[in-house]
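> Provide a 3D model corresponding to the input given below.
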Amino acid sequence: MKITIKTKGNNDILNITNKINEIIEKSNKKEGIVHLFVIGSTAGLTTIEYEPNLVKDFQDFLNELIPANKNYKHNKTWNDNNGHSHIRASLLKPDLTIPFENSRLLIGEWQQIVLIDFDTRPREREIIISIF
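Okay, the predicted model is just below:
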């Protein structure tokens, strides 16, 4: 199964937890694991407490750790100035696996699944969802 998410780029962090829970519920599977994979080399998946101040803290952390205004060699390849986007995505990773029980994700009360788009422009991101 595949879903498409519209992003704003530039460290846009989107909560996709409810969408994943809905897909698990519709699958009629009671327990197992769900594997998520975002297509593309400038996006990633993780979990976080999705509240505005922590989201901003995480965006600030990424900007400080891997600044956009550095002279990345990759930028010379395509002249798209997104070398930092690729490095951020490589550190975060494109996939996530989470167990579920009673057709609900086994995540903490304040733990949500997020898609982060690191690219420099809005995108439509495809996430492949496999349920086992």
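> what secondary structure does the residue of the chain most remote from its centre sit in?
With C-alpha atoms, centre = their mean as the measure, the chain has its most outlying C-alpha, relative to the mean C-alpha position, at Lys76: 26.3 Å. Reduced to three states with DSSP: H, G, I helix; E, B strand; the rest coil, the structure at Lys76 is helix.
> Return the residues in contact with it.
Residues in contact with Lys76, defined by C-beta atoms under 8 Å, 6 or more residues apart in numbering, are absent; none qualify. To be clear about C-beta, it is placed using only N, CA and C from the backbone, and glycine gets the same treatment.
> same question, Pro99
Pro99 makes contacts with Glu31, Gly32, Ile33, Leu105, Leu106, as judged by C-beta under 8 Å, 6+ apart.
> try Leu36
For Leu36, the contact set (C-beta under 8 Å, 6+ apart) comprises Ile20, Leu45, Asp95, Leu96, Thr97, Ile98, Ile113, Ile127, Ile128, Ile129.
> so of those residues, which ones are in helices?
Cross-referencing those with the helices (criterion: DSSP state H) gives Ile20 as the overlap.
> For the spatially most central residue of the chain, I want the exact helix or strand it lies within.
Nearest residue to the geometric centre of the chain (C-alpha atoms, centre = their mean): Leu115, 2.2 Å. Leu115 is part of strand 112-117, with elements assigned from DSSP states H and E.
> Dump the lowest-mean-pLDDT helix or strand in the chain to CSV, restricted to CA.
The helix or strand with the lowest mean pLDDT-type score in the chain, counting by mean pLDDT, DSSP states H and E, is helix 74-78 (a mean of 90). What follows is helix 74-78 as a C-alpha-only set of coordinates in CSV (Å, rounded to 0.1, in the frame of the first residue of the first chain):
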residue,chain,number,x,y,z
HIS,A,74,26.9,17.9,-3.8
ASN,A,75,25.5,21.3,-4.7
LYS,A,76,28.0,21.5,-7.6
THR,A,77,26.6,18.3,-9.1
TRP,A,78,23.0,19.4,-9.8
